[in-house]
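Student: task: produce atomic coordinates for the following.
(one chain, ligands or ions: 1)
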Amino acid sequence: MSNPSLLILPGDGIGPEVMTEVKRIIDWFGAKRDLAFDVEEDLVGGCAYDKHGTPLHDDTMAKALQVDAVLLGAVGGPKYDNLDFSVKPERGLLRLRKEMDLFSNLRPAQCFDALADFSSLKKDIVAGLDIMIVRELTSGVYFGEPRGIFEEGNERVGINTQRYTESEIDRVARSAFELARRRNNKVCSMEKANVMESGILWREVVQKVRDTDYPDVELTHMYADNGAMQLVRAPKQFDVIVTDNLFGDILSDCAAMLTGSLGMLPSASLGAPNADGRPKALYEPVHGSAPDIAGQGKANPIACILSFAMALRYSFDQGEEAARLEAAVEKVLADGVRTADLLGEEGVTPVSTTGMGDAILAALDASL
Ligand code: NAD
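Tutor: Now for the predicted structure:
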């Protein structure tokens, strides 16, 4: 049997810095856990534009469609701000998401106890928090037609259309139920069925998928505005939340801030399963290329490392090894190791990006 394959796209700014630490961790799993990957590396974003005149070369796109999972750092930077929209670094990322048809965006909000003080909420509300927001990523109001700014009488009107087909709702609901089965078996679906027909259809289809194929999973429905309130009032009531593109955009950012720093937040975007049952998948930290700290060894690599942990769990069925890596991160944080973005306590000297990688590798060694 060949090794599982990974395409690594470090990208721009701090992307390559944080990805260097992930590559050391990938090597560790190969050497110490007999879990080797066939790794290829390529360009995306501004660095791809510099070399090829496009933020994502067709060859890179073809590789992304072939491998078992793609791991991306970050794209963008001030150098590229004045480029034409069609070749901006972000277009590379959007092309990957579109051509891989990654319709299910997973954003965990997990609060490590050692960092509970970083949350804007009270410690007891967030300590131990572990929820997952599943956002539909390829349809809804960001894509629906008609859209545009039109003349109407003697004024202009701006129009966007919320549009969901049953099959689009069905597939994202399934991905949420599958996820729930690997967690605490609870899904809360959020929409605005009280005022939107698309919300009524959303609710009906999610309920039908559950009743037909996932009767073991507990399903509740909530209006998205109440969901936003509940997320900041009592977030631990949730396990998996599934919602549309627009509400998911807002609710996942809201949930993310429950946990503190941007340098801590991983994500996964999943598509339809391939013949081998593995979904098309792209894993990336939520943060951008952080040009303000790029090249200074200050970036926190944990978001990117936790994105690889998600790949272990969701692409490679290595839940135990994912938990080992997450536990190593938790131990390092509990021991007080901090990159500069996590400072707050008195008398703590920050470690560099490499220093954080070293500490996590040492914790992995200690886990054996
Ligand atoms: P950003 O996420 O890059 O940075 C926001 C702030 O958080 C900065 O102060 C940065 O130093 C800090 N930060 C982010 N990640 C960190 C980490 N791992 N460790 C320590 N500190 C961290 O967002 P921005 O400044 O709005 O955007 C910068 C560039 O990144 C822009 O070109 C933007 O278009 C791009 N961007 C890319 C992505 C992506 O690749 N998915 C996402 C967001 C922004």
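Student: what is the end-to-end distance of stretch 190-205?
Tutor: By CA to CA, to the nearest Å, the extent of stretch 190-205 from end to end equals 12 Å.
Student: what sits against the closest residue to the ligand within the stretch 201-350 of the chain?
Tutor: The nearest approach of the stretch 201-350 of the chain to the ligand comes at residue 288, 2.4 Å away (CB to the nearest ligand atom). Yep, even glycine has a C-beta here, placed from its N, CA and C like the rest. Each residue near residue 288 by CB atoms under 8 Å, 6 or more residues apart in numbering is listed here: 13, 74, 75, 76.
Student: hang on, the last one packs against residue 47?
Tutor: Pointing back at residue 76 there. No - under the criterion of CB atoms under 8 Å, residue 76 makes no contact with residue 47, lying 10.7 Å away.
Student: okay, and the common contacts of those two?
Tutor: With CB under 8 Å, 6+ apart, residue 76 and residue 47 have common neighbours residue 12.
Student: what helix or strand is the residue of the stretch 201-350 of the chain closest to the ligand on?
Tutor: Assessed by DSSP states H and E, residue 288 sits outside every helix and strand.
Student: residue 101 now?
Tutor: Residue 101 belongs to no helix or strand, assigned by DSSP H and E.
Student: wait, it sits on residue 273?
Tutor: No - Residue 101 is not in contact with residue 273 according to CB under 8 Å; the separation is 11.5 Å.
Student: quick check: buried residues in stretch 267-275?
Tutor: The neighbour-count check on stretch 267-275 (16 or more other CB atoms under 10 Å) flags 267, 268, 269, 270, 271 as buried.
Student: separation between residue 228 and residue 129?
Tutor: Separation of residue 228 from residue 129 (CB to CB, to the nearest Å): 16 Å.
Student: residue 72: which element?
Tutor: Here residue 72 is assigned to strand 69-74, by DSSP H and E.
Student: what strands flank that strand, and is each parallel or antiparallel?
Tutor: Applying DSSP bridges, strand 69-74 is found paired with strand 5-11 (parallel), strand 279-285 (parallel).
Student: okay, which residue is most central for the protein?
Tutor: Note on the chain: the residue nearest the mean C-alpha position is residue 267, at 1.3 Å, using CA atoms, centre = their mean.
Student: hmm, the host helix or strand of that one in reach of the ligand?
Tutor: Per DSSP H and E, residue 267 falls inside strand 266-273. No - for strand 266-273, no contact with the ligand is found by CB under 6 Å from any ligand atom; the gap never falls below 8.7 Å.
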